[in-house]
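In: Below is the sequence, then the predicted model.
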Amino acid sequence: MENYVRLVLVGIGGYGNTYLRELYEHSMFDMIQGVVDIYPENSTYYEEIKEHNIPIFSSLEAFYEECKADLAIISTPIHFHTKQTICALENGSNVLCEKPMSPVIEDAKRMIQLKEEKNKFVAIGFDWSFSDVIQNLKQDIIAGMFGKAKRMKTLVLWPRNEEYYERASWAGKKYAQDGTPIFDSVANNATSHFLHNMFYVLGDKPEESAPLDKLTAELYCVNDIETFDTCAFKGVTDAGTEIYYFASHAVTEELGPVFEYEFEDARILYKKNESIVVYFDDGTEKIYGEPEQERSYKLFHCIKAVQENRKETLCGPNAALSHVYSINAIHQSVPQAYPFPKEFINYDAANRMTSVQGLNTLLKQCYEQWLLPSETKEASWTRQGSVVSTS
């Protein structure tokens with residue numbers, strides 16, 4: 001295929017601006033055949049789009065009536081991902097779809113089936129999965145450099161105020177007005193990269209993740225949303241590796257992501273803005289780098305994949321499937337998040353921020369001790385959900 005790749009950008013506000021920025025800064029705006037958005041004027045690059053005479057459409061279907069694209073880049077809300085990915089595949093485009101792939105397992109499987117039928121690739125935009133840092137780490141795990149994976153844990157404390165939940169009508173919702181599942185949450189959106197990464201690095205191939213076998217969760221909420229703003233869960237992969245995940249938006253301290261991956265012969269540690277470092281039991285170390293510095297790699301990886309006529313990508317729908325199963329299992333384990341006790345709730349009117357007293361400390365303790373909140377016996381209000389099997 002020629003080096004020139006025809007692009008259509010679906011959703012140019014919000015995260016779509018990130019793709020536009022990369023294309024603009026790399027003088028690649030001429031590749032854009034059209035953009036799709038019902039409110040294009042909200043994009044940071046609206047004036048540049050008009051200056052380059054790039055057609056603007058209100059739907060992806062309308063774009064394909066007049067134009068063609070080799071790669072569709074989808075950055076729309078969660079509940080549009082399935083429909084728009086299918087539309088792009090049906091019209092002969094490869095797809096880079098932002099995370100999460102879909103909140104519905106059956107829809108995710110439909111994407112997998114259709115991409116195979118159409119002989120096209122679908123990439124899911126979990127940033128780290130496309131980075132050289134994570135790919136190098138994953139290859140060494142596959143090669144058995146660290147021995148068998150025993151257990152893994154990740155902690156992400158990212159405060160979010162009312163403005164965060166007011167940014168879109170679907171934020172924090174379980175379903176759209178037409179009944180389409182959304183399940184937007186701290187685990188299915190903002191911090192989903194780091195949950196996915198634990199499964200991804202354990203996958204046997206670059207385009208695969210380790211399957212989830214079972215999971216039990218704890219879900220809590222202090223904000224006025226339908227899902228949850230705080231979660232903790234422990235799961236087990238089909239190979240027996242324990243997975244622990246702790247994340248919250250209802251905190252005052254920003255921390256993470258931080259992770260520790262424990263293997264038979266080594267521990268892998270990471271703190272945001274620092275390199276991933278492997279500490280071997282024999283006292284030696286190996287440094288991999290900082291994956292946060294390579295978040296834009298997914299765009300250029302997918303453009304190159306089109307140029308090379310590839311049908312698989314580093315993080316396709318098969319790799320993203322474990323995250324979808326995790327989100328579904330979380331909601332099965334705890335169908336309705338528990339509210340935090342009123343006596344622990346603090347409200348900062350100046351910053352419009354609601355937080356929970358002591359939650360930072362509790363989740364950090366859980367992370368350090370490899371325990372769920374209910375297992376620490378530190379808070380009487382904690383509630384553990386049921387065990388959910390995905391096999």
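Out: Noted; the coordinates are in hand. None of these values were measured; they are calculated from a predicted model.
In: and the gap between the closest residue to Asn119 other than its chain neighbours and Thr376?
Out: The shortest distance from Asn119 to any non-neighbouring residue, by CB to CB, 6 or more residues apart in numbering, is to Lys311 (6.0 Å). To be clear about C-beta, it is placed using only N, CA and C from the backbone, and glycine gets the same treatment. Counting by CB to CB, to the nearest Å, the gap from Lys311 to Thr376 is 47 Å.
In: What of Ala176?
Out: Ala176 is 37 Å from Thr376, by CB to CB.
In: same question, Phe246
Out: For Phe246, the distance to Thr376 - CB to CB - is 12 Å.
In: Tell me which of these two has more neighbours.
Out: Phe246 (27 against 13; other CB atoms under 10 Å).
In: May I have the secondary structure class of that one?
Out: strand (DSSP: H, G, I helix; E, B strand; the rest coil).
In: Relative to Tyr367, how far out is it?
Out: For Phe246, the distance to Tyr367 - CB to CB - is 5 Å.
In: shared neighbours, these two?
Out: Lys153, Leu155 (CB atoms under 8 Å, 6 or more residues apart in numbering).
In: The protein: helices as residue ranges?
Out: For the chain, the helices defined by DSSP state H cover 16-25, 46-51, 60-66, 81-90, 105-118, 132-142, 162-166, 192-201, 297-307, 317-333, 359-369, 373-376.
In: what's the second one packed up against?
Out: Helix 46-51 is packed against helix 16-25, with contacts defined by 3 or more CB pairs under 8 Å, 6 or more residues apart in numbering; DSSP states H and E.
In: Figure out how far the helix it packs on is from the centre of its chain.
Out: Relative to the centre of its chain, helix 16-25 is centred 19 Å away, using CA atoms, centre = their mean, to the nearest Å.
In: what stretches of the stretch 251-391 of the chain score poorly on pLDDT?
Out: For the stretch 251-391 of the chain, no stretch is flagged by pLDDT under 70.
In: Kindly recompute the last result at 90.
Out: 295-296, 377-378, 391 (pLDDT under 90).
In: Which of the helices of the chain sits closest to Pro181?
Out: Nearest of the helices of the chain to Pro181, taken as CB to CB: helix 105-118 at 8.3 Å.
In: and Leu60, what does it touch?
Out: Going by CB under 8 Å, 6+ apart, the list of residues near Leu60 reads Val8, Val10, Val36, Ala72, Gln84, Cys87, Ala88.
In: partner residues bridging Tyr244?
Out: Lys153, Lys234 (DSSP bridges).
In: Do you know the pLDDT at it?
Out: Here, the pLDDT recorded for Tyr244 equals 98.
In: The one 5 residues further on now?
Out: On the pLDDT scale, His249 is placed at 98.
In: same deal with Met1?
Out: On the pLDDT scale, Met1 gets 39.
In: before we move on, what about Trp158?
Out: 98.
In: Can you verify my assumption that it contacts Glu254?
Out: Yes: counting by CB atoms under 8 Å, Trp158 touches Glu254, with 6.1 Å between them.
In: Show me which of the two is the more surrounded one.
Out: In this comparison of Trp158 against Glu254, neighbours counted by other CB under 10 Å, the higher total goes to Trp158 at 17 against 11.
In: Which residue is most remote from the mean position of this structure?
Out: Asp282 (34.5 Å; CA atoms, centre = their mean).
In: That one and Arg267: what is the separation?
Out: 12 Å.
In: repeat for Leu362
Out: 24 Å.
In: and if you look at Pro291?
Out: 18 Å.
In: What of His26?
Out: Counting by CB to CB, the gap from His26 to Arg267 is 38 Å.
In: and what of Ala108?
Out: Distance of Ala108 to Arg267, given as CB to CB: 32 Å.
In: More neighbours: those two, which one.
Out: The residue with more neighbours, out of Ala108 and Arg267, is Ala108; 25 against 15, by other CB under 10 Å.
In: Please tell me I have it right and that one contacts Met101.
Out: Yes: between Ala108 and Met101 a contact is recorded at 5.3 Å, counting by CB under 8 Å.
In: got any residues that touch both of the two?
Out: Pro317, Ala320, Leu321, Val324.
In: Out of those, give me the one that has the most neighbours.
Out: Within the shared contacts of Ala108 and Met101, most neighbours by other CB under 10 Å means Ala320, with 29 neighbours.
In: Give the bridge partners for Ala72, please.
Out: Using DSSP bridges, the bridge partners assigned to Ala72 are Val8, Val95.
In: my guess is it contacts Leu96, does it?
Out: Yes: counting by CB under 8 Å, Ala72 does reach Leu96; the two are 7.4 Å apart.
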